[in-house]
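K.L.:
sequence and predicted structure, then a few things I'm wondering about:
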Amino acid sequence: MSRSETTKTVLVAGTANAILAITKLVAGLLAGSSAMLAEGAHSIADTLNQSFLLASLRRSERPPDRRHPFGYGNERYVWSLLAAFGIFIAGAGFSIFEGILTMTGHGGTGTAVWLAYAVLALAAVLEGTSWIRAVYQARKETRENDRDLVEHVRKSPDLTFKTALFEDSAAMVGLALAAGGLVLRQVTGSDFWDGLASVLIGLLLVALAFLIGKESTGLLIGRAADPDAQREIRAEILGAPGVTGVDELLTMHFGPEQLLVAAKVNFSDDISADQAEDVAGEIDRRLRERLPIVRHVFLDPTQRTVRRETPA
């Protein structure tokens, strides 16, 4: 994963949402469409969230200090959790409330429906560009780690990138819902469909907020490296001379680009303490070369005569 690529993805998404937030609200008021107003609230929430994500990228770059010896990488997860809260409050709550008002006959009125369609077309271009940018980053990273797209998104600890991708995907679905609500309102002459589209957009945002919040919480409390990375780490340790086994291997992410490795390593009896220290230093170096996200390696050497394990 690349910090610069993630920053570009967030900037593209933030720029598109900032432009669309005002135009959607204006079109919603002139067209009297609660679905368009819901989309405006959606874009406002996304713009706020992109600001949170950019702040998380800057703050996570701070170097380690005495109070935070492992750095500030986990701040990305804190700000992503705030982003999920912003989606729920600024987007979902307003969309559902406005939709219910319209469905019960208390919505606004307007005649400039053509403007709503024009804004939806503009939104499709801008948000589609943002979505393509996020998918491009995902596909670029899948080529680097030999995963398919779904597996990469599921396993990636880069929550800033995942939040941008999820938001852009939800934005495209939201546009389709808003367009469907407007079309059905014109065809049937009933505001019910426009209100229903607004409620559905709100529920979509609730699902998005829950997904981002769940991902943030799981990473914030310390998630282990994925099984493939753990197998690589174990194989690298077992491949070192004099190592006869690994009793315990623990890993934990401190941000998407920082991984801590702690292992209880068995050395053969003919390895001296000085030799074991040299081997441990070599394991540290080779792990950092093989997996650049490995930043901290702690090995607990023990001596026990056992049959040497075969590297995974």
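P.N.:
Structure received. Residues are numbered from 1 along each chain as shown.
K.L.:
could you verify my assumption that Gln275 touches Ser268?
P.N.:
No - the criterion here is Cβ atoms under 8 Å, and Gln275 misses it with Ser268 at 10.0 Å. To be clear about C-beta, it is placed using only N, CA and C from the backbone, and glycine gets the same treatment.
K.L.:
between these two, which contacts overlap?
P.N.:
Applying Cβ atoms under 8 Å, 6 or more residues apart in numbering, one finds that Gln275 and Ser268 are jointly contacted by Gly242.
K.L.:
more neighbours: those two, which one.
P.N.:
Ser268 (16 against 13; other Cβ atoms under 10 Å).
K.L.:
does the more buried one touch Ala240 like I think?
P.N.:
No - in this structure Ser268 lies outside contact range of Ala240 using Cβ under 8 Å: 11.2 Å.
K.L.:
which helix or which strand is home to Thr217?
P.N.:
Assigned by DSSP states H and E, Thr217 belongs to helix 192-220.
K.L.:
tell me what that helix is packed against?
P.N.:
When contacts are defined as 3 or more Cβ pairs under 8 Å, 6 or more residues apart in numbering; DSSP states H and E, helix 192-220 sits against helix 34-59, helix 75-86, helix 94-103, helix 159-188.
K.L.:
the same query, at a cut-off of 10 Å, please.
P.N.:
Contacts defined by 3 or more Cβ pairs under 10 Å, 6 or more residues apart in numbering; DSSP states H and E place helix 192-220 against helix 3-31, helix 34-59, helix 75-86, helix 94-103, helix 159-188.
K.L.:
now the first one: buried residues?
P.N.:
The neighbour-count criterion (16 or more other Cβ atoms under 10 Å) identifies 3, 5-7, 9-14, 16-21, 23-31 as the buried residues of helix 3-31.
K.L.:
chain center to that helix, what's the gap?
P.N.:
Mean-position distance between helix 3-31 and its chain equals 18 Å (Cα atoms, centre = their mean, to the nearest Å).
K.L.:
output the contacting helices and strands for the helix or strand Leu249 falls within.
P.N.:
Using DSSP H and E, Leu249 sits in strand 243-253. Contact here means 3+ Cβ pairs under 10 Å, 6+ apart; on that basis strand 243-253 packs against helix 227-238, strand 259-267, helix 273-290, strand 294-303.
K.L.:
what's the closest of those to Gly180?
P.N.:
Closest approach to Gly180 among the helices and strands packed on strand 243-253 (Cβ to Cβ): helix 227-238, 41.1 Å.
K.L.:
quick one: mean pLDDT for that closest one?
P.N.:
Mean pLDDT, helix 227-238: 89.
K.L.:
neighbouring contacts of it?
P.N.:
Contacts with helix 227-238, where a contact means Cβ atoms under 10 Å, 6 or more residues apart in numbering, come from 145-147, 151, 155, 224-225, 243-246, 249-251, 259, 261, 263, 265-266, 279-280, 283, 286-287, 289-291, 293-294, 297, 299, 308-312.
K.L.:
try it again at 7 Å.
P.N.:
The contact list for helix 227-238 (Cβ atoms under 7 Å, 6 or more residues apart in numbering) reads 243, 246, 249, 251, 261, 263, 265, 283, 286-287, 290-291, 309, 311-312.
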